[in-house]
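S.K.: Okay, here's the prediction I keep looking at, along with the sequence it came from:
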Amino acid sequence: MDAWIETGPWADIAADPTPALRPGDAADAEAPLADSERAQAASIGRRLQTELRRVLDGLPQSVRGGSALARHLGLNRATAHRVAAAAVPTMDDEQVLEQAPGVQGLRQFIDAARMRDADTAALEALGVAVDRFERFIDEVGGSHAALLRRLAARTPRRDAQASDRSDVALRQRLFAGTADFLGRYSDCRVELVALRPSDTDDTRVERAWARGLLGYHARPGALPLSIVHGSGVPVERDTGELEIDPATQGDANQTVAHQVVLEAFSSKPLPIATVRGDDRQSIGVIETGEAAVKGAVDVIVGHREIESMLRASLEERKRDDMVVMVREATRYLVADVYLHRSLARGCLTSLEHYLWSPGGPASEIPDRWWDRLPNPPLLKVLGPGLANAAHDKYSKHAELSRSMFARAGWRADEFIGYRCEVEYPACGTCYVVRMDYGG
């Protein structure tokens, strides 16, 4: 282990209980990987999985399964099946190295995909990942078979509950520091999204949503709250103060471009707000004034009207992503996605956690293997309808969910729900619910 880790502030959490063995040692083939080697294996697995998926995304959807992929590329069936399996998102990044074919098989896949005019940039990136995989094999095993034996011999990591408590404690310290630095925090962040096929155009899907902060506190002079909707970097231009939305049939909901402040779920008096942005993204700048200084404030916004977008299964990337970017210090995150059952049937859902970096559309975030953080939270299945929509962190969560569907005019019992929930979500990161229709 590096000396700076051994003697520095990371010593307690970075120590290797299992020393690394030199390739060629008698027990090397059976010895489990040391912690530092397992960390490398996980990083290489994340990279390999992401780059394999990028290449497969550039192939016709109908040939991405193992047998179809073998026929399309003229590959050995076993190699094709292992490529397809390794490209599927997993909670265990080391497992990718067990599922993937060996270096020779991966290079055969690259050559075959190149003959079928797969994306050149994606193939080059995969080639670099395979080169790194090959070096890792040489470093820790000497052969792919030896690496597989060492992976199979791995010992359990720290107790899962103890590890989770440690992670929560780290995120709690990050929350405290961020809240102190920014002079503001919230008790809970909520995100709701529902997707269904369009009734009038089978090439498009429709989206309804609601989001906001509960128990928002700020000290005097703190920066105003901002609520972002959309993706991409907007052209900054003011588009005016909040006005009464005539489409809300006389209620007191107020409009922030794509957004509507929902009075029934927000504190009174409603805050002063302006909006800036363009068609790709709008940012509602919320000024709570003295209200957030004197006590907790709730601010919830929702869709102004149903949004329409091209159906993901018809796009090159074949997926939708619900990206929850954490820009505020908050004690708890609850993010629910509802897919119409016709979409859910052909969809592989997963949850990933990324370091946020500016620039580019949100849809590109899952391609950034270098920003993908290990050990994401589990994505929970809520099941059909709103029977499990309630949450103890927000007494009106089920009511807000019903309101979203009612405002859209959709039947909630036609949808399947999924939930991401995180205690002390890490500021400066984003949680991504992936909805993959690529097969």
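M.R.: Now that the structure is in, tell me what you want to look at. In this text the structure is predicted, and so the values were computed from the model without any measurement.

S.K.: and residue 328, how many neighbours does it have?
M.R.: Applying other C-beta atoms under 10 Å, we find 20 residues neighbouring residue 328. Every C-beta, even on glycine, is put in place using the N, C-alpha and C of the backbone.

S.K.: Just list whatever residues bridge to the nearest residue to it once chain neighbours are set aside.
M.R.: Distances taken as C-beta to C-beta, 6 or more residues apart in numbering put residue 186 closest to residue 328, at 6.0 Å, once the chain neighbours are dropped. Beta-bridge partners for residue 186, by DSSP bridges, are residue 330.

S.K.: and what of the one 10 residues further on?
M.R.: Residue 196 has these beta-bridge partners by DSSP bridges: residue 206.

S.K.: ok, the residue nearest to residue 328 - contacts?
M.R.: Going by C-beta atoms under 8 Å, 6 or more residues apart in numbering, residue 186 touches 213, 214, 215, 216, 217, 328, 329, 330, 331.

S.K.: Would you list the buried entries among those residues?
M.R.: Buried by 16 or more other C-beta atoms under 10 Å: 213, 214, 215, 216, 217, 328, 329, 330, 331, out of these.

S.K.: isn't the fourth one right next to residue 295, touching?
M.R.: No. Counting by C-beta atoms under 8 Å, residue 216 sits too far from residue 295 to count as a contact (9.8 Å).

S.K.: What helix or strand is the residue nearest to residue 150 when sequence neighbours are not counted located in?
M.R.: Leaving aside its sequence neighbours, residue 150 sits nearest to residue 33 (C-beta to C-beta, 6+ apart; 5.4 Å). Following DSSP states H and E, there is no helix or strand that holds residue 33.

S.K.: neighbours of residue 33, just the number please.
M.R.: Residues within reach of residue 33, counting by other C-beta under 10 Å, total 22.

S.K.: Show me where the stretch 251-400 of the chain has its strands.
M.R.: 254-256, 259-261, 272-277, 281-287, 297-303, 307-310, 319-325, 332-340, 348-355, 372-373, 380-384 (DSSP state E, counting those that start in this stretch).

S.K.: Give the burial count for residue 380, as a bare number.
M.R.: Each residue near residue 380 was counted by other C-beta under 10 Å, and the total is 14.

S.K.: Residue 349 now?
M.R.: As a burial measure, residue 349 scores 18 neighbours (other C-beta under 10 Å).

S.K.: what sits against the residue lying closest to residue 58 once chain neighbours are set aside?
M.R.: Leaving aside its sequence neighbours, residue 58 sits nearest to residue 119 (C-beta to C-beta, 6+ apart; 4.0 Å). Contacts here follow C-beta under 8 Å, 6+ apart; on that basis residue 119 touches 54, 55, 58.

S.K.: part of a helix, is residue 406?
M.R.: Yes. Using DSSP: H, G, I helix; E, B strand; the rest coil, the assignment for residue 406 is a helix.

S.K.: contacting residues around it?
M.R.: So residue 406 contacts nothing (C-beta under 8 Å, 6+ apart).

S.K.: hmm, 10 Å instead?
M.R.: Counting by C-beta atoms under 10 Å, 6 or more residues apart in numbering, residue 406 makes contact with 208, 412.

S.K.: got it, and residue 122?
M.R.: 51, 52, 53, 54, 55, 56, 57, 58, 110, 113, 367.

S.K.: Buried residues, stretch 46-64. List them.
M.R.: 46-59, 61, 63-64.

S.K.: what's the answer for stretch 297-313, then?
M.R.: Using 16+ other C-beta under 10 Å as the test for burial, stretch 297-313 gives 297, 298, 299, 300, 301, 302, 303, 304, 306, 311, 312, 313.

S.K.: cool, stretch 71-80 as well?
M.R.: 72, 73, 75, 79, 80.

S.K.: So what touches that stretch?
M.R.: With C-beta under 10 Å, 6+ apart as the test, stretch 71-80 has contacts from 59-60, 62-70, 81-83, 100-102, 104-106, 108-109, 111-116, 118.

S.K.: May I have it exported as CSV, CA atoms only?
M.R.: Output of stretch 71-80 as CSV, limited to C-alpha atoms (Å, rounded to 0.1, in the frame of the first residue of the first chain):
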residue,chain,number,x,y,z
ARG,A,71,-25.5,-14.7,-35.8
HIS,A,72,-25.2,-11.0,-36.7
LEU,A,73,-21.5,-10.7,-36.0
GLY,A,74,-20.5,-14.3,-36.9
LEU,A,75,-19.2,-14.8,-33.4
ASN,A,76,-18.9,-18.0,-31.3
ARG,A,77,-22.2,-18.2,-29.4
ALA,A,78,-20.5,-18.5,-26.0
THR,A,79,-18.5,-15.4,-26.6
ALA,A,80,-21.6,-13.5,-27.8
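
S.K.: Give me the distance between that stretch and the centre of its chain.
M.R.: With C-alpha atoms, centre = their mean, to the nearest Å as the basis, stretch 71-80 stands 31 Å off its chain's centre.

S.K.: same question, stretch 32-41
M.R.: Distance, stretch centre to chain centre, for stretch 32-41: 25 Å (C-alpha atoms, centre = their mean).

S.K.: Ok, stretch 382-400 next?
M.R.: In terms of C-alpha atoms, centre = their mean, the centre of stretch 382-400 is found 21 Å from the chain centre.

S.K.: Flag every buried residue along that stretch.
M.R.: For stretch 382-400, by 16+ other C-beta under 10 Å, it's 382, 384, 385, 386, 389, 391, 393, 394, 396, 397, 400.

S.K.: check contacts around the third one.
M.R.: Contact partners of residue 385, counting by C-beta under 10 Å, 6+ apart, are 338, 401, 405, 411, 412, 413, 414, 415, 416, 417.

S.K.: make it 7 Å
M.R.: Listed by C-beta atoms under 7 Å, 6 or more residues apart in numbering, the contact set of residue 385 reads 412, 413.

S.K.: That one and residue 48, how far apart?
M.R.: Per C-beta to C-beta, to the nearest Å, residue 385 is found 39 Å from residue 48.
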